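Colleague: I would like to see how this sequence folds:
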Amino acid sequence: MEQVILKIRGMFGEHCERAITDSLSHIESVTDVVIKERAGTISFCHDPKIAPLIKIKDAITDEGYDVIG
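Modeller: As a prediction, the model looks like this:
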């Protein structure tokens, strides 16, 4: 398992946190999702062999948020 922290732009409240968490919950091997809306970050663990980082970033982008780092 690999821990990742991403910088996200476009989160503005609890609804945004729920949308991202729900989206990532459907990706196998993604666990321990922690979203800090005020800081604009999301951290999680994943197995890159099962869920490549690009798949996770795409899921966040599909929800309407920008992954900036």
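Colleague: for Ile35, see how far away Gln50 is.
Modeller: Not Gln; residue 50 is Ile. For Ile50, the distance to Ile35 (Cβ to Cβ, to the nearest Å) stands at 21 Å. Placement of C-beta: from N, CA and C, glycine included.
Colleague: longest strand of this structure?
Modeller: Of all the segments of type strand in the chain, defined by DSSP state E, the longest one is strand 2-9.
Colleague: chain center to the helix or strand that it is followed by, what's the gap?
Modeller: Remark: after strand 2-9, the chain's next helix or strand is helix 14-25, criterion DSSP states H and E. Using Cα atoms, centre = their mean, to the nearest Å, the mean C-alpha position of helix 14-25 is found 8 Å from that of the whole chain.
Colleague: buried ones in the following helix or strand past helix 14-25?
Modeller: Using DSSP H and E, the next helix or strand after helix 14-25 towards the C-terminus is strand 31-36. Within strand 31-36, the residues that count as buried by 16 or more other Cβ atoms under 10 Å are Val33, Ile35.
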